[in-house]
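A.B. asks: below is the sequence, then the predicted model.
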Amino acid sequence: MRLIDDLIELACLRARPLAEYRHPAWQLLCALLILSVINSASAENFTGPLPARLGFFAVFALLESVLVTAVLTLWLRLSGWRERDSLWPLVVLSSGVQALEPLTSWLGEAAGQTLSGLLAVYSILVLVLGVARATGMPAWRVAAGVVMFLPLGAMLLAVMLGAAADMGWVTLPVAPADAN
C-alpha cells in the first residue's frame, strides 16, 4: 500500500515532491484513527469509557493535523511558497512516528521517558525535513512554522483535556498545596 510505503520513507527522512503525496482522504483518516487507537491504549490517566477515549484521541489527532497544516500553509505562503497541493497528507504521514510511543512502556520508567522524549523530537524532525524537502522551502523556515504552531497546539490540548476532565473522562494532576 502506497500510504505505508510513504510513511516508512518519511520515517527514514526521505521525502519526495509534495505533488506525489496524493492519498484518498479516507486512507489518511484511517491512519489518524489507527494512531488515535494506539495513543488511547497507552493513555494511563484517561479513565473514561472506551468510546469516549477513542473519540477524544480521534478528534484531537484530526484537529491537530488540520491546525498544523493550516499554520504551516499560511506561514509558507507568506514566505513565498505558491504550490496548490495540500500539506495535510504529509502532516498526517509525518505523525506516523508517534505509533512507536507505546513501545517505550516496555522499558524502565527513566529509559521509557527518555526514549519517549527522543521520539517526540524525531517526530518533529520528520515533519520539518519532510515538509522542507517536499516543498523546496528551507528547513529553518518550516521549523519556524512548527514553533509558531506550538502555542496553538498547547491551547488545543488544554481545551480538550479540560473538557474531558469536566466530563470525568480524565484525571488531571493537582498542584501540591503551598506549604506557607
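C.D. replies: Okay, I see it. All values reported here derive from a predicted model rather than from experimental measurement.

A.B. asks: how long is stretch 133-147 from one end to the other?
C.D. replies: Start and end residues of stretch 133-147 are separated by 18 Å (C-alpha to C-alpha, to the nearest Å).

A.B. asks: helices along the protein, start to end?
C.D. replies: 2-11, 25-41, 50-78, 88-94, 109-135, 139-166 (DSSP state H).

A.B. asks: make CSV out of those helices and add distance to A19, mean neighbour count and mean pLDDT.
C.D. replies: For every residue, glycine as well, the C-beta is placed using N, CA and C. Formatted as CSV, those follow (distance: least, C-beta to C-beta, whole Å; neighbours: other C-beta atoms under 10 Å; pLDDT from 0 to 100):
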stretch, distance to A19, mean neighbour count, mean pLDDT
helix 2-11, 13, 16, 86
helix 25-41, 16, 16, 88
helix 50-78, 15, 17, 90
helix 88-94, 11, 25, 92
helix 109-135, 9, 17, 88
helix 139-166, 17, 15, 91
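
A.B. asks: L62 versus G130, what's the distance?
C.D. replies: Distance of G130 to L62, given as C-beta to C-beta, to the nearest Å: 19 Å.

A.B. asks: and L156, by the same measure?
C.D. replies: For L156, the distance to L62 - C-beta to C-beta - is 11 Å.

A.B. asks: over to W81?
C.D. replies: Distance from W81 to L62, by C-beta to C-beta: 24 Å.

A.B. asks: and what of I124?
C.D. replies: Remark: distance between I124 and L62 (C-beta to C-beta) = 19 Å.

A.B. asks: now do the contacts for W81.
C.D. replies: Contacts for W81 (C-beta atoms under 8 Å, 6 or more residues apart in numbering) come out as 135-137.

A.B. asks: make it 10 Å
C.D. replies: Shown in contact with W81 (C-beta atoms under 10 Å, 6 or more residues apart in numbering): 18, 72-73, 75, 87, 131, 135-137, 141-142.

A.B. asks: ok, C30 next?
C.D. replies: So, once contact is read as C-beta under 10 Å, 6+ apart, C30 ends up touching 3, 23-24.

A.B. asks: which residues touch the closest residue to L90 other than its chain neighbours?
C.D. replies: Ranked by C-beta to C-beta, 6 or more residues apart in numbering and with sequence neighbours excluded, the top spatial neighbour of L90 is Y21, at 5.2 Å. Counting by C-beta under 10 Å, 6+ apart, Y21 makes contact with 2-3, 6, 10, 15, 28, 85-93, 130, 134.

A.B. asks: repeat that for G168.
C.D. replies: Contacts of G168 by C-beta under 10 Å, 6+ apart are 47-49, 52.
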